[in-house]
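In: what's the 3D shape of this:
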Amino acid sequence: MKKRVLAALLAAAMVVGALAGCGTPKTKESKESTGSDSGEKVFRYSTRTEPTTLDPTKSNCIPDNEIQHALTESLVRNTGGEVTPGVAKDWTVSDDGLVYTFNLNPDAKWSDGEQIKAEDYVYSWQRLMDPETAAPYAFIGEYIKNGLAVETGEMEPTELGVVAKDDTTLEVTLEHPTAYFLSMIGAQAQFAPLRKDIVEKYGAEFAADAEKNVYSGPYVLTSAKNQKWIFEPNENYWDKDSIKLDRVELSYVQNQETALAMYESGDLDYSEIPSAAVPNYEGKDNKFRNGNVDYYYFNMDETKDSPITNKNFRLALNYALDRNSYNTLVNNDVYAPSNSLVFSGLQGADGKYGEESKLNSYPLEGDEAKAKEYLDAALAELGKASASDITVTITTSDADSAKKQAEVCQEMWTTKLGINVEINQITYAEVLKRHETGDFEIAWGGWGSDYDDPYSYLELFKSDSSYNYSHYKSDKVDELLKASQTETDAKKRMEMLHEAEQIIIDDGAFLPQAEREVHYLVDDDVKGLNFFYCSINLDWVYADIQ
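Out: The predicted structure follows:
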């Protein structure tokens with residue numbers, strides 16, 4: 001179900017290349033069209049991954065979330081990890097952590113002036129979980145009481161644990177205590193309110209363009225044509241005094257080098273820097289880790305006749321990879337080499353998850369001697385006389401950068417282990433299809449969190465997860481993940497998640513590579529941009545131009 005997030009992450013990572021003749025970042029005096037002549041404050045930026053929909057319920061990737069974060073207002077608003085009131089002016093939580101009672105702001109209005117009511121959330125969340133909607137991200141609502149049963153058609157949408165007590169009181173009952181519930185609903189587009197009359201008026205055409213919708217958030221969409229989206233302030237937004245920009249222009253620019261050239265020429269106010277070009281901007285750029293972790297999937301389906309199903313062989317591949325050299329050769333030393341599954345910057349019990357976990361993982365520089373020990377054990381178990389009797393295939397897309405990633409691993413594995421490694425390049429769409437069908441041995445992937453909690457990464461390895469593309473199964477991991485969902489002691493819960501991740505690493509269930517670090521340029525006069533590593537990377541809602 002999360003495949004579109006994966007799609008967005010993959011697409012974002014596939015654009016790597018050299019940029020010739022890079023100049024220095026432009027100054028605000030060199031901008032050609034900031035709107036300053038008319039006194040307007042206009043922020044212009046681009047996306048390499050075109051949004052999939054303007055329907056909040058059907059949003060399924062980070063670009064979708066970033067647009068909806070400006071156009072919709074959930075019960076709360078998550079800005080860079082800080083949760084503040086949205087339509088709900090305040091709320092209470094029951095002692096057992098299961099029941100949230102939200103008191104809505106009676107002054108919160110839709111862009112057409114109508115009051116935003118509790119029933120608008122009930123309708124929206126029921127629509128999300130209704131199997132007839134076929135929302136690709138419906139799983140995100142399984143935390144709500146009866147969510148899974150509604151999603152699978154075992155219960156009616158009206159049985160979902162969300163009730164409007166009156167126009168300004170919403171009661172939400174959860175399946176189990178969920179520490180990150182507020183953080184999640186404040187950033188995920190699927191929890192936005194919807195007007196039933198508007199959805200039914202347009203039917204299948206709802207949100208097909210800017211005019212076929214009504215907006216609850218700080219901005220309204222005034223145009224969505226020719227791969228360009230125009231945002232203007234919502235005059236009926238309850239907190240409109242906090243909005244400083246007069247207009248935002250988002251353009252779809254697939255090529256990262258083109259976007260950077262547009263920044264240099266004054267056509268954009270913000271641009272990411274291609275990894276190969278980062279050295280040219282040393283001391284002039286900014287950076288942040290966006291929560292995306294790159295790795296290879298291993299297909300452990302035991303019905304497959306593949307050496308990948310052998311634990312010792314997977315460990316041999318992991319110990320044979322020098323992640324420091326890999327990062328230099330593939331990512332131009334821009335990303336951070338990684339030997340774990342969960343993004344290290346997530347919130348832990350008392351600090352950052354990566355600082356608390358103290359995992360015992362594969363050395364970043366690799367360990368060739370240990371890799372050969374694991375290989376020898378694998379050969380004996382597989383009944384192979386020598387390493388040259390083993391052939392594995394890396395399935396990847398036809399992008400040049402994807403080919404480089406595969407070739408670096410191919411070189412290290414053939415040189416250090418003596419095995420045969422083939423590379424199968426297919427279309428990007430076909431790669432995603434094969435993730436689902438299991439038609440691969442080794443396949444490149446990546447993940448970004450939906451909420452600020454390690455569970456978002458670890459659940460990829462639950463045996464009953466529909467997006468467990470690795471076909472990994474560990475009774476102990478399943479037990480720990482299930483227990484973590486009801487454990488109310490934050491420290492004990494994190495210890496459970498650390499243990500689960502350690503087991504996954506010990507089983508060689510995947511091949512971690514790097515955490516992505518985004519380098520970017522932004523005009524000096526643009527202030528108040530927020531960056532986050534869950535659901536929304538770039539948040540410009542409260543930005544200003546000074």
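In: any idea which helix or strand carries V248?
Out: For V248, the element it lies in under DSSP states H and E is strand 247-252.
In: what's the angle between the next helix or strand after that strand and strand 247-252?
Out: Scanning forward in sequence from strand 247-252, with DSSP H and E defining helices and strands, the next element found is helix 256-265. Here helix 256-265 runs at an angle of 150 degrees relative to strand 247-252 (axes from the mean of the first three to the mean of the last three Cα atoms, to 10 degrees).
In: residues in contact with the strand holding V248?
Out: The list of residues contacting strand 247-252 from outside it, by Cβ atoms under 8 Å, 6 or more residues apart in numbering, reads 35, 40-48, 50, 67, 70, 219, 227-232, 268, 540. Every residue, glycine included, has its C-beta placed from N, CA and C.
In: now swap in stretch 93-108 and tell me
Out: The set of residues external to stretch 93-108 that reach it, using Cβ under 8 Å, 6+ apart, is 73, 75, 85, 87-92, 115-118, 145, 165, 167-174, 176-178, 181, 216, 238, 488.
In: could you list the buried residues of that stretch?
Out: Across stretch 93-108, burial judged by 16 or more other Cβ atoms under 10 Å covers 98, 100-105, 108.
In: can you list those residues in TSV and add distance to K384 and pLDDT?
Out: Conversion of those to TSV gives the following (distance: Cβ to Cβ, whole Å; pLDDT from 0 to 100):
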residue	distance to K384	pLDDT
L98	53	95
Y100	56	98
T101	62	98
F102	61	98
N103	66	98
L104	65	98
N105	67	98
A108	66	98
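In: redo these as JSON lines? Include distance to A210.
Out: Listed next are the buried residues of stretch 93-108 as JSON lines, based on distance: Cβ to Cβ, whole Å:
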{"residue": "L98", "distance to A210": "39"}
{"residue": "Y100", "distance to A210": "32"}
{"residue": "T101", "distance to A210": "35"}
{"residue": "F102", "distance to A210": "29"}
{"residue": "N103", "distance to A210": "32"}
{"residue": "L104", "distance to A210": "26"}
{"residue": "N105", "distance to A210": "26"}
{"residue": "A108", "distance to A210": "21"}
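In: can you name the next helix or strand after the lowest-mean-pLDDT helix or strand in the chain?
Out: The least trusted helix or strand in the chain, going by mean pLDDT, DSSP states H and E, turns out to be helix 3-13, with a mean of 39. Secondary structure here is assigned by DSSP H and E; on that basis, the next helix or strand after helix 3-13 toward the C-terminus is strand 42-47.
In: just the C-alpha atoms of that following strand, please, in CSV.
Out: Listed next in CSV are the C-alpha coordinates belonging to strand 42-47 (Å, rounded to 0.1, in the frame of the first residue of the first chain):
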residue,chain,number,x,y,z
VAL,A,42,6.0,35.2,-4.0
PHE,A,43,7.9,31.9,-3.3
ARG,A,44,8.7,29.8,-6.3
TYR,A,45,10.1,26.2,-6.1
SER,A,46,9.9,23.0,-8.1
THR,A,47,9.2,19.3,-7.7
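In: that strand packs against which elements?
Out: Applying 3 or more Cβ pairs under 8 Å, 6 or more residues apart in numbering; DSSP states H and E, one finds that strand 42-47 makes contact with strand 247-252, strand 270-272.
In: again, only this time at 10 Å
Out: Helices and strands touching strand 42-47, as assessed by 3 or more Cβ pairs under 10 Å, 6 or more residues apart in numbering; DSSP states H and E, comprise helix 62-71, strand 228-233, strand 247-252, helix 256-265, strand 270-272, strand 510-522, strand 526-527, strand 544-545.
In: deepest-packed of these, please.
Out: helix 62-71 (a mean of 26; mean count of other Cβ atoms under 10 Å).
In: domains in this structure, as residue ranges please.
Out: 57-208, 290-518 (automatic domain parsing).
In: report the beta-bridge partners for P512.
Out: Using DSSP bridges, the beta-bridge partners of P512 come out as Y295.
In: can you tell me the closest non-neighbouring residue to the residue at the greatest distance from the centre of the chain?
Out: The centre of the chain is farthest from one residue, A385, which by Cα atoms, centre = their mean lies 43.2 Å away. In this structure, A385 finds its nearest non-sequential neighbour in L379, 7.5 Å apart by Cβ to Cβ, 6 or more residues apart in numbering.
In: need the three-state assignment for the one you found.
Out: helix (DSSP: H, G, I helix; E, B strand; the rest coil).
In: give me the neighbour count for it.
Out: Other residues near L379 number 21, with proximity taken as other Cβ atoms under 10 Å.
In: any idea how far A371 is from it?
Out: L379 sits 13 Å away from A371, taking Cβ to Cβ, to the nearest Å as the criterion.
In: spit out the residues that contact those two alike.
Out: When contacts are counted by Cβ atoms under 10 Å, 6 or more residues apart in numbering, L379 and A371 are jointly contacted by A316.
In: need the nearest residue in space to D209, chain neighbours excluded.
Out: Nearest to D209 is A224, by Cβ to Cβ, 6+ apart, at 5.5 Å.
In: which ones are touching that neighbour?
Out: With the criterion set at Cβ under 10 Å, 6+ apart, A224 makes contact with 51, 54, 67, 207-213, 230-231, 250.
In: make it 7 Å
Out: Contact criterion Cβ atoms under 7 Å, 6 or more residues apart in numbering gives 54, 209-210 as the residues in contact with A224.
In: each with direction, which strands does whichever strand or helix holds it pair with?
Out: If you go by DSSP H and E, A224 is part of strand 219-225. For strand 219-225, the paired strands and their directions (DSSP bridges) read strand 228-233 (antiparallel).
In: what are the phi and psi values at the residue nearest the centre of the chain?
Out: By Cα atoms, centre = their mean, the mean C-alpha position of the chain lies nearest to G448, the distance being 3.3 Å. For G448, the backbone dihedrals are phi -130, psi 140 (criterion: degrees, to the nearest 10).
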